[in-house]
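S.K.: A predicted structure for the sequence below; I have some questions about it.
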Amino acid sequence: MRTLLLFLFLELFLTLKAQEPTLGQLVNVYSNQYQKFKIGNFSFTCKPYGVITLGMLQKQALLNSECKSAISEFYKRAPKGKYYAQRVLKVKQFYSLEFKESECLVYSNGQKTFSESLLEEGLALLEPKFKDNEFKASFYYAQENAKLNQNGVWKENILRKCVVELYK
């Protein structure tokens with residue numbers, strides 16, 4: 001048993017170290033900001049890489065703040081936005097994963113990442129200090145697309161009420 005655990009740990013470590021896409025099976029979708037995957041017998045939770053989801057922004061907002069209220073109102077008017085991940089990610093499906101810092105890049109639609117999809121839908125914002133040159137352009141383009149199409153936060157102008165929380 002110890003040998004098996006050591007082997008699985010070593011396999012996961014080498015996979016993470018190589019920074020190549022790995023296949024992981026989606027076990028559960030908690031929200032837009034957290035999904036549970038497994039590789040073999042090892043389960044882990046992923047957060048979308050490079051973005052701040054509305055759920056994260058709402059969670060870190062001060063109690064009774066305009067930001068928290070604005071996001072709650074947005075979800076009341078557009079409940080599909082709150083459950084976007086449940087609609088696009090399918091449990092028991094295998095996805096290519098790439099581990100970046102403490103977050104995951106989930107390739108949910110060919111070469112498109114789940115982070116990009118959230119940005120395009122206006123359900124997430126590009127992290128203010130995002131520096132990854134490999135993904136910066138595509139993430140920025142996805143966010144600009146959401147602005148032009150007035151998707152999600154850009155239609156509701158939630159960002160103005162949440163600027164303080166964004167730059168904490």
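M.R.: Looks like it arrived, so ask away. Numbers count the residues shown, from 1 in each chain.

S.K.: Could you list the low-pLDDT ranges of the protein?
M.R.: Applying pLDDT under 70 to the chain flags residues 1-21, 163-168.

S.K.: nearest residue to the most centrally placed residue in it other than its sequence neighbours?
M.R.: In the chain, the centroid-proximal residue (CA atoms, centre = their mean) is residue 48; its distance is 2.3 Å. Distance criterion CB to CB, 6 or more residues apart in numbering; nearest residue to residue 48, sequence neighbours excluded, is residue 115 at 4.4 Å. For the C-beta atoms, the positions are set from N, CA and C on the backbone; glycine is no exception.

S.K.: now residue 146
M.R.: The shortest distance from residue 146 to any non-neighbouring residue, by CB to CB, 6+ apart, is to residue 122 (4.1 Å).

S.K.: right, and the one you found touches residue 157 too?
M.R.: No. If you go by CB atoms under 8 Å, residue 122 and residue 157 don't touch, sitting 10.9 Å apart.

S.K.: Which residue of these two possesses the greater neighbour count?
M.R.: Legend: neighbour count by other CB atoms under 10 Å for residue 122 and residue 157, higher for residue 122 (26 against 10).

S.K.: Just give the number of residues close to residue 108.
M.R.: A total of 21 residues lie near residue 108 under the criterion other CB under 10 Å.

S.K.: Could you say which helix or strand holds it?
M.R.: Element membership of residue 108 [criterion: DSSP states H and E] is strand 103-109.
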